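*Asks:* got a sequence here, can you build the structure:
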Amino acid sequence: MKDKHEKEGDYTGVKEAFNGLFFGVGMMIAAFLLAHFLFGMPLFQ
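*Replies:* Numbers count the residues shown, from 1 in each chain. The predicted model follows:
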């Protein structure tokens, strides 16, 4: 990964941040859907 020069180094941190963000949002959505289906919690009032 480090063989390619600074151009990629600039983007890896951004990509990792976006991956973490999408993972967090996906986990939240999954938790909401799980709670909705298992416990019948209203998602939208």
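
*Asks:* which residue ranges form the strands in this structure?
*Replies:* In the chain, no strands are defined using DSSP state E.

*Asks:* low pLDDT regions in it?
*Replies:* For the chain, the stretches flagged by pLDDT under 70 are 1-10, 41-45.

*Asks:* the same query, at a cut-off of 80, please.
*Replies:* 1-11, 40-45 (pLDDT under 80).

*Asks:* for it, just list every one of the helices.
*Replies:* Along the chain, counting by DSSP state H, helices occupy 6-39.

*Asks:* Gly40 versus Gly26, what's the distance?
*Replies:* In this view, Gly26 and Gly40 are 22 Å apart by C-beta to C-beta, to the nearest Å. (C-beta placed from N, C-alpha, C; glycine too.)

*Asks:* more neighbours: which of the two?
*Replies:* Set Gly26 next to Gly40 and count neighbours by other C-beta atoms under 10 Å: Gly26 wins out with 10 against 7.

*Asks:* report the contact partners of the more buried one.
*Replies:* Counting by C-beta atoms under 8 Å, 6 or more residues apart in numbering, Gly26 touches no other residue.

*Asks:* gap between Met28 and Thr12?
*Replies:* From Met28 across to Thr12, the span is 25 Å (C-beta to C-beta).

*Asks:* ah, wrong one, I meant Gly24
*Replies:* Distance from Gly24 to Thr12, by C-beta to C-beta: 19 Å.

*Asks:* can you give me the neighbour number for His36?
*Replies:* 13.

*Asks:* check Phe22 too.
*Replies:* Phe22: 10 surrounding residues under other C-beta under 10 Å.

*Asks:* now swap in Gly20 and tell me
*Replies:* Residues near Gly20, counting by other C-beta under 10 Å: 10.

*Asks:* could you do Lys15 as well?
*Replies:* So Lys15, with other C-beta under 10 Å, has 10 neighbours.

*Asks:* same deal with Ala31?
*Replies:* Each residue near Ala31 was counted by other C-beta under 10 Å, and the total is 10.
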